[in-house]
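In: fold the following for me, if possible:
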Amino acid sequence: MTVANTINGALRKIPAWPIYWIVAAWTGWKFYLAATGKGGGPEPINWLEREYGEFGLKLLIAGLLITPVRTWTGINLIKFRRAIGVTTCFLILAHFLVWAVLDVQAFERVWMEVVKRKYVTVGMAAFVLMIPLAITSNNRSMRKMGPLVWRKLHKLTYPVAVLAGIHYLWLVKGFQIEPIVYMAVILGLLAVRLKWAWAKIV
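Out: Model (predicted):
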């Protein structure tokens, strides 16, 4: 028995549902820290906004890695992909709400920020593209749409990831390695996907 088969056998015994509870608990804990002044320093709202956004981006990348990991190593994490995708959408929604409700605090100003600041524009574009992904992340939608159409729709994950990576790059001030690493990983995964798609054509 190969190492991958051993790992896959162990993974089959692990349910996906704890991912929802873990992310929900983490989100609530971070909110509590910000609300009580026990976390986030002098700007708890900005800290909370950044925490939710960064974790959401990490989960988005984790979801994109599942297929390449299976292809390259044989380790199958597909059963966790939906939970990772749904919790990613949840975190990005939380990120948006903290920004819109607690930071900006007015619809008119939200719209002005979207139009005025390019990092907000691309971030909002990523958020809007995530909405159909969140709505259709269930068995009923897959049956109704059919597997082929459903898979095509969920390829929106890649432009979402690229836009999210750009959003983070443009958001940070000065030279910071973390957003550059995230962007490089996203572009690398997109290049792999395009290479596989091209190989199928030729």
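In: model confidence for the most centrally placed residue in the chain, exactly?
Out: Centroid check for the chain by C-alpha atoms, centre = their mean gives residue 60 as the closest residue, at 2.8 Å. If you check residue 60, the pLDDT there is 96.
In: just the residues contacting the helix or strand where residue 180 lies, thanks.
Out: Residue 180 belongs to helix 177-201 when assigned by DSSP states H and E. Contact with helix 177-201 is made by 57-58, 61, 64-65, 68, 158, 161-162, 164-166, 168-169, 171-172, as judged by C-beta atoms under 8 Å, 6 or more residues apart in numbering. In short, each C-beta sits where N, CA and C put it, glycine included.
In: please apply the same query to stretch 61-79.
Out: Counting by C-beta under 8 Å, 6+ apart, 2, 4-5, 7-8, 11-12, 16, 80-81, 84-85, 88, 157-158, 161, 182, 185-186, 189, 192 sit against stretch 61-79.
In: so which of the contacts of helix 177-201 wins on neighbours?
Out: Sorting the contacts of helix 177-201 by how many neighbours each has (other C-beta atoms under 10 Å) puts residue 164 first, at 27 neighbours.
In: how is residue 175 assigned, secondary-structure-wise?
Out: coil (DSSP: H, G, I helix; E, B strand; the rest coil).
In: okay, now the unreliable bits of this structure?
Out: For the chain, the stretches with pLDDT under 70 are 1, 200-202.
In: let's see that with 50 instead.
Out: Along the chain, no part satisfies pLDDT under 50.
In: list the buried residues for the lengthiest helix in it?
Out: With secondary structure taken from DSSP state H, the chain has its longest helix at helix 44-73. Under the neighbour-count criterion of 16 or more other C-beta atoms under 10 Å, helix 44-73 has 44, 46-57, 59-67 buried.
In: what's the answer for stretch 94-108, then?
Out: Using 16+ other C-beta under 10 Å as the test for burial, stretch 94-108 gives 94, 95, 96, 98, 99, 100, 103, 104.
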